[in-house]
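**Student:** Only the shape, not the letters, is given here:
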């Protein structure tokens, strides 16, 4: 029997959803605007709307459940998303309760941090498949992190393990969005990286980004940096090399702590590929103790936005497996 699940990636700008067949992967993808500025209740309406669309796409509407990856904290029971950034008015919302009430009472609904969902997707469908343990880092609006150990998410004591984005590389450094001084997110998060690039590119007046990014480069994005760097723009390449070095610094600390030597890098900025990953590979060896330097791999996740939706859907498949292995009580 084919098993279908819906994987939802809840972002501050867009909500992306995929109908996923366990073995075949993504069947169809839909995307709608989050419209987060209209508040939490409206965003819940949007989640329900896209979930209904995906259920309608499934054969005989047979969907086993919905997995949701979202920014912010998730409770241990994986029912509630707590204070996600960029959604005004959202405090703690029990998404399982909301979706079961508005869609179907018997529907499995599992909520997970978006970086954890991406890591699970990578482990079972993406670049992480050959490895039973790896560190996932996602470079986007913020910097997310996750730990996969024995092909499962390592969640820590309360479910919040893996927050690599808030690991400090300079205790006197700039504050990240959570108020942590010198955290890697304060260097590589989208807004922070763009701001740094604007200053650094003043030394490269010939860079194409002075024209492409508008007056004073106010429209500069990491994606524009990646594109310019791939076209040989020296200034853009210099910025990405700086970012890669910072990435290597924090990964060295993570490898020292965990003794996990494979790293998968995803998120929008990872599209720069070796332009950011090769400097990270060079830097990481300087921050890892000698006994852990052998066999370090830093790899790009090539599934892009799909990996988070695949991982969210896989949360449902894990629940199905658990139920199948649990004998019924007479």
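**Tutor:** In hand now; what should we look at? Note that the coordinates shown come from a computational prediction; the quantities given were computed from them, not determined experimentally.
**Student:** quick one, strands of the stretch 151-300 of the chain?
**Tutor:** 152-153, 262-266, 297-300 (DSSP state E, counting those that start in this stretch).
**Student:** between these, which gets nearest to residue 114?
**Tutor:** strand 262-266 (10.5 Å; CB to CB). Bear in mind the C-beta positions are built from the backbone N, C-alpha and C, glycine included.
**Student:** Give me the contacts around that closest one.
**Tutor:** Strand 262-266 is contacted from outside by 118-119, 122, 126-128, 131, 133-139, 247, 251, 254-255, 276-277, 280, 296-301, 303-304, 307, using CB atoms under 8 Å, 6 or more residues apart in numbering.
**Student:** Excluding chain neighbours, what is closest to the spatially most central residue of the chain?
**Tutor:** Central residue of the chain (CA atoms, centre = their mean): residue 115, 3.6 Å from the mean position. Leaving aside its chain neighbours, residue 115 sits nearest to residue 144 (3.0 Å; criterion: CB to CB, 6 or more residues apart in numbering).
**Student:** same question, residue 79
**Tutor:** residue 96 (4.2 Å).
**Student:** Give the full set of residues in contact with that neighbour.
**Tutor:** Counting by CB under 8 Å, 6+ apart, the residues that residue 96 touches are 79, 80, 109, 110, 111.
**Student:** same check, this time on residue 187
**Tutor:** 169, 173, 174, 193, 196, 243, 246.
**Student:** go with 7 Å
**Tutor:** 193, 246 (CB atoms under 7 Å, 6 or more residues apart in numbering).
**Student:** pLDDT score assigned to it?
**Tutor:** Note on residue 187: pLDDT of 95.
**Student:** Report the separation between it and residue 168.
**Tutor:** 11 Å (CB to CB, to the nearest Å).
**Student:** Could you give me the ChimeraX selection string for whichever of the contacts of strand 262-266 are buried?
**Tutor:** Command for ChimeraX that selects the buried part of the contacts of strand 262-266, burial taken from 16 or more other CB atoms under 10 Å:
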select :118,119,122,126,127,128,131,133,134,135,136,137,138,139,247,251,254,255,276,277,280,296,298,299,301,303,307
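**Student:** What about the contacts of strand 262-266, which are in helices?
**Tutor:** 118, 119, 122, 247, 251, 254, 255, 276, 277, 280, 307 (DSSP state H).
**Student:** Surely the third one touches residue 130?
**Tutor:** No. Proximity of residue 122 to residue 130 does not meet the contact threshold set by CB atoms under 7 Å, at 10.7 Å.
**Student:** follow-up on the earlier one: the helix or strand hosting the residue nearest to residue 79: what's the following helix or strand?
**Tutor:** Residue 96 belongs to helix 95-102 when assigned by DSSP states H and E. As assigned by DSSP H and E, the chain's next helix or strand after helix 95-102 is strand 108-113.
**Student:** got the buried residues for stretch 300-316?
**Tutor:** So, applying 16+ other CB under 10 Å, buried residues of stretch 300-316: 301, 303, 305-316.
**Student:** I misspoke; the intended subject was stretch 208-219.
**Tutor:** 208, 209, 210, 213, 217.
**Student:** Same check on stretch 217-236?
**Tutor:** Buried residues in stretch 217-236 (16+ other CB under 10 Å): 217, 220-222, 224-229, 233, 235-236.
**Student:** Closest to residue 50 out of those residues?
**Tutor:** Out of the buried residues of stretch 217-236, the member with the shortest distance to residue 50 (by CB to CB) is residue 221, at 25.2 Å.
**Student:** Can you name the residues that contact the closest one?
**Tutor:** 190, 194.
**Student:** All set, thanks.
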